[in-house]
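# next come a sequence and a model predicted from it.
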Amino acid sequence: NAGVMQNPRHLVRRRGQEARLRCSPMKGHSHVYWYRQLPEEGLKFMVYLQKENIIDESGMPKERFSAEFPKEGPSILRIQQVVRGDSAAYFCASSPPSSYNEQFFGPGTRLTVL
Amino acid sequence: DAKTTQPNSMESNEEEPVHLPCNHSTISGTDYIHWYRQLPSQGPEYVIHGLTSNVNNRMASLAIAEDRKSSTLILHRATLRDAAVYYCILRDSNSGYALNFGKGTSLLVTP
């Protein structure tokens, strides 16, 4: 059973460009969570999605950031017009329906904004 | 959110038990205590969770104080692969799916 997959693992963007981060949850998992980890910090919750629905985006910056989890395909975290402060590791996690006890994390995407 | 307090770092010798403490004096009755760990350059990994009673699994044991204001993660025999940052997290069972990680405890295991 493959774990949570994220790609790319490393992404370099120049200021003003767009960054697209992809996450494929574990098989059978319909809940996806995105977290951000700034250097020397713990992970901070950004958004919680189920298929075709955003359940909670309270941790996501109001501007430039968006997330989706379509009926088919991976979940996407999109950052428009990136700035240096967006440089961080972005982790995706998934869990099965009706269970929040254990979240399974992917290896992360490390975004560097030049 | 109720907060947790952990030591910044701890050190252990290989094959010895490790007790990682966590204080959570403002815990509410519906908060679960979760532990995750993060190895270098990897995503966090679930270790264990509990509510009131002590818990054991193949990775570790969780000892919860009677008043629930503190807990201890116990690794029975540390190995070099256990070197990681360990996070103690409170999750509200009523509304909580978000895990908010603090800075955790960085565990160093020496041969």
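On my side now, so go ahead. The model shown is predicted, which means the values in this text are computed figures rather than measured ones. Numbering: from 1, shown residues only, chains lettered A, B, ... in the order given.
# residues near residue B:22, how many?
For residue B:22, the neighbour count with other CB atoms under 10 Å in any protein chain shown is 25. Yep, even glycine has a C-beta here, placed from its N, CA and C like the rest.
# what's near enough to touch the residue most central in space within chain A?
The residue lying closest to the centre of chain A (CA atoms, centre = their mean) is residue A:34, at 3.6 Å. The contact partners of residue A:34, by CB atoms under 8 Å, 6 or more residues apart in numbering or on different chains, come to A:23, A:46-47, A:49, A:60, A:67, A:75, A:77, A:90-93.
# among those residues, who's most crowded?
Each of those was scored for neighbours by other CB under 10 Å, and residue A:92 scores highest at 30 neighbours.
# ok, that one touching residue A:107?
No - the pair residue A:92 and residue A:107 does not pass the contact test of CB atoms under 8 Å, sitting 9.3 Å apart.
# what is in contact with those two at once?
Taking CB under 8 Å, 6+ apart as the criterion, residue A:92 and residue A:107 both touch residue A:6.
# list the contacts of residue A:106.
Contact analysis of residue A:106 by CB under 8 Å, 6+ apart lists A:3-6, A:23, A:91-93, B:43.
# and chain A, which residues reach chain B?
Selection of chain A residues close to chain B by CB under 8 Å from any CB of the partner chain yields A:4, A:31, A:33, A:35, A:37, A:40-45, A:48, A:56, A:59, A:91, A:93, A:95, A:100-108.
# tell me which entries of these lie within helices.
In helices, judged by DSSP state H, none of the residues of chain A next to chain B are found.
# including distance to residue A:16, could the contacts of residue A:34 go into a markdown table?
Converted to a markdown table, those look like this (distance: CB to CB, whole Å):
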| residue | distance to residue A:16 |
| --- | --- |
| A:23 | 24 |
| A:46 | 21 |
| A:47 | 23 |
| A:49 | 27 |
| A:60 | 20 |
| A:67 | 21 |
| A:75 | 24 |
| A:77 | 18 |
| A:90 | 19 |
| A:91 | 25 |
| A:92 | 25 |
| A:93 | 29 |
